[in-house]
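Chemist: no sequence on this one, just coordinates:
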RNA sequence: GCCUCCUUAGCUCAGUGGUAGAGCAGCUCACUCGUAAUGAGCAGGUCGUGGGUCCAACUCCCAUGGGAGGCUCCA
């Protein structure tokens, strides 16, 4: 007999060799039906594997990521089984579970392609195979045996993976006729895979290396119930409706034109208006926080970027240089504001008493991004950063970091980004030659970031080896409608530029010292920030920011004169107001303006004219009753004050 | 840049070899209306562009522009 300890501390005795699944059944058959994998003595395991010793056991139900992982990983194997039966000779790369679903990278063979039209066929075959309820069988073999098996099969991708594994036991999992190299864990069989959808195709370089073969990546998702798949598809569809590219077009915020060039956004009046409002707001906040505003040109002499080191590192991947016709001077489109800011620093002498200097600019930069990378407003070739550089003494580093984290937290809160993630990127200590700067400086900077984040109660993850070559950084990421993460805010320590630009300040010891530089952005870029804001709000912007705050809806033309009086009154009181005086019925006007996400609709008919009032309707909430125009203005001002405190 | 797919009216989309169609939006007219779609009429496209095959191409083929989803990249 063996003793199994459950997460609640209770202990039960079982026959040696019982499986986790059998344990689940003994607790409750209902539980067993919703369990997909188990953690035995801290090790993630198949439900069907026997337990031979006393153990702690946690059974993973669907809501646990571990359960979904096993479910989707087994689904990837099911898809592979289907693919192998449909495309004999197909070769397999890797096929993991991901956040939502799974994929498998395959090589269909020379001259063969899998296209979108094949997806339903694959899906149907998966359904047939799943219905067989075949067991998924775990098998331990030696490295040599595994190598022989996949060599015989001609699966060179698998043999490459095996050759890199440690000697010792290698686990294989067999489902039907398909055997895969795999660590597991897996479902006991395919009986629980009830709903299957093969979603999409993509190219993916083998092992993420662009010099190697382009595999075909097939994405899919599965669920234990059809209803869950239906709900998932509805959710995806809802997310698509929030896509900033779609809403941006609908609300006439921005556009792209092939004539202007890909990745070069055009801000339409309403979008430009909003962007300006964000800029004004940020400028006010920055001034309160001790920043000074500067302004620099859109181009700079190539020597500037040679000094900064950007030319050497990115020159080949930049827009081609611009040359003057007479003198042949060479300029670059500005890819960064920092070199310019360094020269601003150098334009005047600095005492240690002046520091920190917080120099900010809404600077438009131009970067050559690969065409396949461009994406709406989130990845463009021309964008405006809310850029700033802190020039400080080494002893001020941590406080400066804290002030920036505080600023980011403040702005994100106002923007409603409550679910951002923060990542600290440190250098890879085993690869020091990739980075510039002394060990001492790196350690100091990394410690300052970690401590500052801790003192601001910021939950962070740490990524080793993700630092920039010139210093560690802290990035703030927010998700878009379909779950992709975009970096908005960033804080980066830089020891490189102060050196290269020979920045100095006079210390209390009457000696010249080198300041430390911190690059930081909060919005990241105006473009990306607006994009994420659109997707997070579905276009229902906060009142202070939205292009049009109110629309007046006269019930008929008879009330147009009074309505226009109100229109002027509100606009003169800084309420951004429009009038919809089309000869349409009131229901139609309400519908159209609700769809335009106008926060307040003011209905005006005979009653309102007689009593000198407006009838207020809040978007999404319906009729709020009548009030005097003055009261409406207070209502709006109060709401804005709650949003941004003015 | 690479892989797969898409590209028809301002927007969303039908149209599988016989020289283009709907809904919404727009314009005109009528209606003058009370909280999410009033009715009628009109107008709008060299089917992204350039080649080719064919008696005939929106439709098939090639090239190219643009877009989507990924991969690689992202100072």
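Modeler: That came through, no problem. Note that this is a predicted model, so its numbers are computed, not measured. Numbering: from 1, shown residues only, chains lettered A, B, ... in the order given.

Chemist: Wait, residue A:540 touches residue A:595, no?
Modeler: No: counting by C-beta atoms under 8 Å, residue A:540 does not reach residue A:595; the two are 11.2 Å apart. (Each C-beta comes from the backbone N, C-alpha and C, glycine too.)

Chemist: more crowded one of these two?
Modeler: Under the criterion of other C-beta atoms under 10 Å, the comparison of residue A:540 against residue A:595 puts residue A:540 first, with 15 against 12.

Chemist: measure that one to RNA strand B for me?
Modeler: Using C-beta to the nearest atom of the strand, to the nearest Å, residue A:540 is found at 10 Å from RNA strand B.

Chemist: Same check on residue A:284?
Modeler: On the measure of C-beta to the nearest atom of the strand, residue A:284 and RNA strand B end up 26 Å apart.

Chemist: what do you get for residue A:521?
Modeler: From residue A:521 across to RNA strand B, the span is 9 Å (C-beta to the nearest atom of the strand).

Chemist: same deal with residue A:84?
Modeler: For residue A:84 relative to RNA strand B (C-beta to the nearest atom of the strand), the value is 19 Å.

Chemist: do the same with residue A:306
Modeler: Distance of residue A:306 to RNA strand B, given as C-beta to the nearest atom of the strand: 12 Å.

Chemist: That residue: what secondary structure?
Modeler: helix (DSSP: H, G, I helix; E, B strand; the rest coil).

Chemist: Show me the strands in the stretch 101-250 of chain A, by range?
Modeler: A:101-107, A:136-142, A:169-175, A:178-181, A:195-205, A:214-223 (DSSP state E, counting those that start in this stretch).

Chemist: how about the nearest residue to residue A:239, chain neighbours excluded?
Modeler: residue A:481 (4.3 Å; C-beta to C-beta, 6 or more residues apart in numbering).

Chemist: name the element that neighbour belongs to?
Modeler: For residue A:481, there is no enclosing helix or strand under DSSP states H and E.

Chemist: tell me the contacts of it?
Modeler: By C-beta atoms under 8 Å, 6 or more residues apart in numbering, the contact set of residue A:481 is A:239-240, A:242-244, A:535.

Chemist: Which of these has the largest number of neighbours?
Modeler: residue A:244 (27 neighbours).

Chemist: what sits opposite the closest residue to RNA strand B within the stretch 151-300 of chain A in the beta ladder?
Modeler: Nearest residue of the stretch 151-300 of chain A to RNA strand B: residue A:203, at 2.6 Å (C-beta to the nearest atom of the strand). Beta-bridge pairing for residue A:203 (DSSP bridges): residue A:216.

Chemist: Looks like it contacts residue A:213 (just checking).
Modeler: No: using C-beta under 8 Å, residue A:203 makes no contact with residue A:213, being 10.0 Å away.

Chemist: ok, those two, which is more surrounded?
Modeler: The residue with more neighbours, out of residue A:203 and residue A:213, is residue A:213; 15 against 10, by other C-beta under 10 Å.

Chemist: can stretch A:561-575 be found next to RNA strand B?
Modeler: No: judged by C-beta under 7 Å from any atom of the strand, stretch A:561-575 and RNA strand B are separated, with a smallest distance of 10.8 Å.

Chemist: buried ones in that stretch?
Modeler: For stretch A:561-575, the neighbour count (16 or more other C-beta atoms under 10 Å) marks A:562-563, A:566-567, A:569-570, A:575 as buried.

Chemist: and if you look at stretch A:450-468?
Modeler: So stretch A:450-468, judged by 16+ other C-beta under 10 Å, has buried residues A:450, A:452-453, A:456, A:458, A:460, A:467-468.

Chemist: quick revisit: out of the contacts of residue A:481, who's near RNA strand B?
Modeler: The overlap between the contacts of residue A:481 and the neighbours of RNA strand B (C-beta under 7 Å from any atom of the strand) comes to residue A:243.

Chemist: what's across from residue A:181 in the sheet?
Modeler: residue A:172.

Chemist: residues in contact with it?
Modeler: Counting by C-beta under 8 Å, 6+ apart, residue A:181 has contacts A:146, A:150, A:158, A:161-162, A:170-172.

Chemist: quick one, domains of chain A?
Modeler: Chain A breaks down into these domains under automatic domain parsing: A:2-61, A:66-239, A:254-293+A:334-537, A:299-333, A:550-644.

Chemist: Look up how far residue A:420 lies from the residue positioned nearest the centre of chain A.
Modeler: In chain A, the centroid-proximal residue (C-alpha atoms, centre = their mean) is residue A:485; its distance is 1.0 Å. Plainly put, residue A:485 is 9 Å away from residue A:420 if you go by C-beta to C-beta, to the nearest Å.

Chemist: got it, and residue A:3?
Modeler: For residue A:3, the distance to residue A:420 - C-beta to C-beta - is 45 Å.

Chemist: who's more crowded, the two?
Modeler: residue A:420 (20 against 12).

Chemist: Please list all residues in contact with the residue nearest to the centre of chain A.
Modeler: Neighbouring residues of residue A:485 by C-beta under 8 Å, 6+ apart: A:421, A:477-479.

Chemist: Can you flag the buried ones in these?
Modeler: Buried, going by 16+ other C-beta under 10 Å: A:477-479, out of the contacts of residue A:485.

Chemist: On the three-state scheme, the residue of the stretch 251-400 of chain A found nearest RNA strand B is what?
Modeler: Nearest residue of the stretch 251-400 of chain A to RNA strand B: residue A:372, at 2.2 Å (C-beta to the nearest atom of the strand). Three-state call for residue A:372 (three-state DSSP): helix.

Chemist: does residue A:57 really touch residue A:39, like I thought?
Modeler: Yes: at 7.3 Å, residue A:57 counts as touching residue A:39 under the criterion of C-beta under 8 Å.

Chemist: Show me the shaky parts of the stretch 501-646 of chain A.
Modeler: Along the stretch 501-646 of chain A, the parts satisfying pLDDT under 70 run over A:646.

Chemist: can you rerun that using 90?
Modeler: Counting by pLDDT under 90, the stretch 501-646 of chain A contains low-confidence residues at A:620, A:645-646.

Chemist: what does it have sitting close to RNA strand B?
Modeler: Where the stretch 501-646 of chain A comes near RNA strand B, counting by C-beta under 7 Å from any atom of the strand, the residues are A:519, A:555-558, A:582-588, A:590-592, A:594-595, A:601, A:603, A:605-608, A:615, A:617, A:619-620, A:622-623, A:626.

Chemist: Out of these, list just those in helices.
Modeler: Counting by DSSP state H, these place A:586-588, A:590-592, A:594-595, A:606-608 in helices.

Chemist: Next to RNA strand B, which bits of the stretch 151-300 of chain A? Give me the list.
Modeler: So far as C-beta under 7 Å from any atom of the strand goes, the stretch 151-300 of chain A lies against RNA strand B at A:200-205, A:208-210, A:214, A:216-217, A:243, A:245-246, A:249, A:256, A:258, A:261-263.

Chemist: can you rerun that using 6 Å?
Modeler: Within the stretch 151-300 of chain A, the positions near RNA strand B by C-beta under 6 Å from any atom of the strand are A:200-205, A:208, A:210, A:214, A:216-217, A:245, A:256, A:258, A:262.

Chemist: Can you flag the buried ones in those residues?
Modeler: A:201, A:204, A:216-217, A:245, A:256.

Chemist: and which of those residues is nearest residue A:345?
Modeler: residue A:256 (36.3 Å; C-beta to C-beta).

Chemist: was I right about the closest one contacting residue A:249?
Modeler: No: with contacts counted by C-beta under 8 Å, residue A:256 stays clear of residue A:249, the gap being 9.6 Å.

Chemist: what's the burial count for residue A:560?
Modeler: Neighbours around residue A:560, by other C-beta under 10 Å: 15.

Chemist: looking at it, it is touching residue A:554, isn't it?
Modeler: Yes: counting by C-beta under 8 Å, residue A:560 does reach residue A:554; the two are 5.3 Å apart.

Chemist: need the residues of the stretch 1-150 of chain A near RNA strand B, please.
Modeler: Within the stretch 1-150 of chain A, the positions adjacent to RNA strand B are A:113, A:115-116 by C-beta under 6 Å from any atom of the strand.
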